[in-house]
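Peer 1: Just to be clear, the model below is a prediction. Sequence and coordinates:
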Amino acid sequence: MNPAKRREIFERLRASNPNPKTELEYSTPFELLISVLLSAQATDVGVNKATRKLYPVANTPAAILALGIDELKSYIQTIGLYPTKAKNVIATCQILVDQYGGEVPQTREELESLPGVGRKTANVVLNTAFGQLAMAVDTHIFRVSNRTRIAPGKDVVEVEHKLMKFVPKDFLMDAHHWLILHGRYTCIARKPLCWNCVINDLCEYRQKTPAPDGV
């Protein structure tokens, strides 16, 4: 895919959604960190449902530690893998209190040292909470990048590096949000809604889905 086509793709995505935002509900970097940690193999809707009850009660590392693991589990038990996630949240909160004065660190190395926090989670926090140029690649972004040929790659790290290299700099800060939302609602896994896609004519996917009858 040539640079002019990539730029036009992001021009259109921006025109259709000028102020893209994460669908996770949060009000502080710590809340975002915990929500992203909980969102692994879960939906944002499911995470938000749990954190709407949790955060009014405990939304700082110290408050969650005071809550304790059993009480924390009762708030997040509707989320997949919640026993493991509860352990990671408690361990992360302890490190934040002991080593960072209860604040969320702002470097990838420090974030990835926290229990349950991998590269994708670190990138989301760096980009969304701290306004740093970082590209979190989840299953939606991996699919969209490969299917459209914006940034094809064999694994998420390759796609991440290609997106950081190829996405025009003036779109880079919000590119993660545009791509994830596009993958979540239009360029879906089984039958992409190509007939209702703002970048249909620019996308290099060969097996485009035709419009259903009556549309």
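Peer 2: Arrived safely.
Peer 1: For residue 211, give me the pLDDT.
Peer 2: The model reports residue 211 with a pLDDT of 87.
Peer 1: any idea how far it is from residue 200?
Peer 2: As for residue 211, its distance to residue 200 is 10 Å (criterion: Cβ to Cβ, to the nearest Å). Bear in mind the C-beta positions are built from the backbone N, C-alpha and C, glycine included.
Peer 1: More neighbours: the two, which one.
Peer 2: residue 200 (16 against 10; other Cβ atoms under 10 Å).
Peer 1: Surely the more buried one touches residue 193?
Peer 2: No: using Cβ atoms under 8 Å, residue 200 is not in contact with residue 193, being 9.5 Å away.
Peer 1: ok, for residue 16, nearest residue in space, not its chain neighbours?
Peer 2: residue 198 (5.2 Å; Cβ to Cβ, 6 or more residues apart in numbering).
Peer 1: Can you classify the one you found as helix, strand or coil?
Peer 2: With DSSP: H, G, I helix; E, B strand; the rest coil as the basis, residue 198 sits in coil.
Peer 1: For it, give its distance to residue 11.
Peer 2: In terms of Cβ to Cβ, residue 198 sits 10 Å off from residue 11.
Peer 1: mind showing which ranges of the protein have poor pLDDT?
Peer 2: By pLDDT under 70, the weakly predicted segments of the chain are 214-215.
Peer 1: now the helices for it?
Peer 2: Defined through DSSP state H, the helices belonging to the chain, from first to last, are 3-16, 29-38, 44-54, 61-67, 69-76, 82-100, 108-112, 119-124, 139-148, 156-166, 172-185.
Peer 1: which one of those helices lies closest to residue 130?
Peer 2: Distances from residue 130 to each of those were compared by Cβ to Cβ, and the smallest falls on helix 29-38, at 6.8 Å.
Peer 1: Which neighbouring elements make contact with the closest one?
Peer 2: With contacts taken as 3 or more Cβ pairs under 8 Å, 6 or more residues apart in numbering; DSSP states H and E, helix 29-38 sits against helix 44-54, helix 82-100, helix 119-124.
Peer 1: Mean neighbour count, those helices: which tops it?
Peer 2: Per-stretch averages of neighbours, counted by mean count of other Cβ atoms under 10 Å, single out helix 119-124 among these, with a mean of 22.
Peer 1: Just the CA atoms of that one, as PDB, please.
Peer 2: These are the backbone C-alpha positions of helix 119-124, laid out as PDB (Å, rounded to 0.1, in the frame of the first residue of the first chain):
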ATOM      1  CA  ARG A 119       3.100  -4.800  25.800                       C
ATOM      2  CA  LYS A 120      -0.400  -4.100  24.600                       C
ATOM      3  CA  THR A 121      -1.600  -2.900  28.000                       C
ATOM      4  CA  ALA A 122       1.500  -0.800  28.400                       C
ATOM      5  CA  ASN A 123       0.900   0.800  25.000                       C
ATOM      6  CA  VAL A 124      -2.700   1.600  25.800                       C
END
